[in-house]
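> I need the structure of the sequence given here:
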Amino acid sequence: MIARRSLYLLAAAVMCLSAPVQAGSASATMNVTATVISTCTISSGNLNFGNYDAIGTNATAPLTATAQISATCTQGATATIDIDAGLHPSGTGNAQTRRMKGTGATDYLTYDIYQDTSHSQRWGTKTSGTTRPLTGGGAGTPVGLTAYGSVPAAQSAPVGSYSDSVSVTVNY
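This is a model prediction of the structure:
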């Protein structure tokens with residue numbers, strides 16, 4: 001009987017040892033955050049006027065050309081596009097005139113850049129024009145804009161190649 005009682009006690013002890021032990025638990029809250037920043041990118045094609053015929057076609061008509069600008073901003077970004085006065089402006093402040101430089105020290109051909117096909121709204125704060133608001137797009141969708149260039153008629157300029165470089169900037 002003692003052996004049987006010992007056997008029962010031994011079986012009970014083994015069952016206690018093999019019974020699952022209840023583990024405790026605790027929890028915490030993890031805050032997850034991110035900030036979407038306002039950012040934009042911009043690219044621009046070249047404004048190539050081609051040949052200026054000072055005594056023929058362009059004696060009475062301006063020479064025109066267009067260039068494409070593409071800007072991409074994050075959704076909700078407020079942005080404007082600006083074009084500066086270039087490397088060879090004449091005048092100061094808001095009265096600056098854009099000019100392409102020729103090979104001679106005083107060889108210039110004036111031109112301007114506009115926001116519209118009728119050439120009534122100059123483009124660029126440094127040339128007494130305005131910036132252009134960037135509308136549409138967002139979420140990484142590019143917005144295409146056209147820059148309308150014009151070289152005024154009846155300019156007297158020596159034969160040669162003329163060039164300038166302007167900065168096209170997206171401000172956001």
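
> Can you tell me, leaving aside adjacent residues, what's nearest to residue 111?
residue 151 (4.5 Å; CB to CB, 6 or more residues apart in numbering). (Glycine included, C-beta is placed from N, CA and C.)

> quick one, what contacts residue 77?
Counting by CB atoms under 8 Å, 6 or more residues apart in numbering, residue 77 touches 38-40, 138, 172.

> how about 6 Å then?
The contact partners of residue 77, taken as CB atoms under 6 Å, 6 or more residues apart in numbering, are 38, 172.

> Got phi/psi on it?
Main-chain dihedrals, residue 77, degrees, to the nearest 10: phi -70, psi 140.

> count of neighbours near the residue nearest to residue 111?
Around residue 151 there are 22 other residues, counting by other CB atoms under 10 Å.

> In the chain, where is pLDDT below threshold?
Scanning the chain for pLDDT under 70 picks out the ranges 1-21, 94, 125-129, 137-138.

> Scan it for its longest strand.
Longest strand in the chain, counting residues (DSSP state E): strand 63-73.

> now the helices for the chain?
Ranges of helices within the chain are 2-18, based on DSSP state H.

> Just want the most central residue of it.
In the chain, the centroid-proximal residue (CA atoms, centre = their mean) is residue 41; its distance is 2.7 Å.

> quick one: that residue from residue 134, how far?
11 Å (CB to CB, to the nearest Å).
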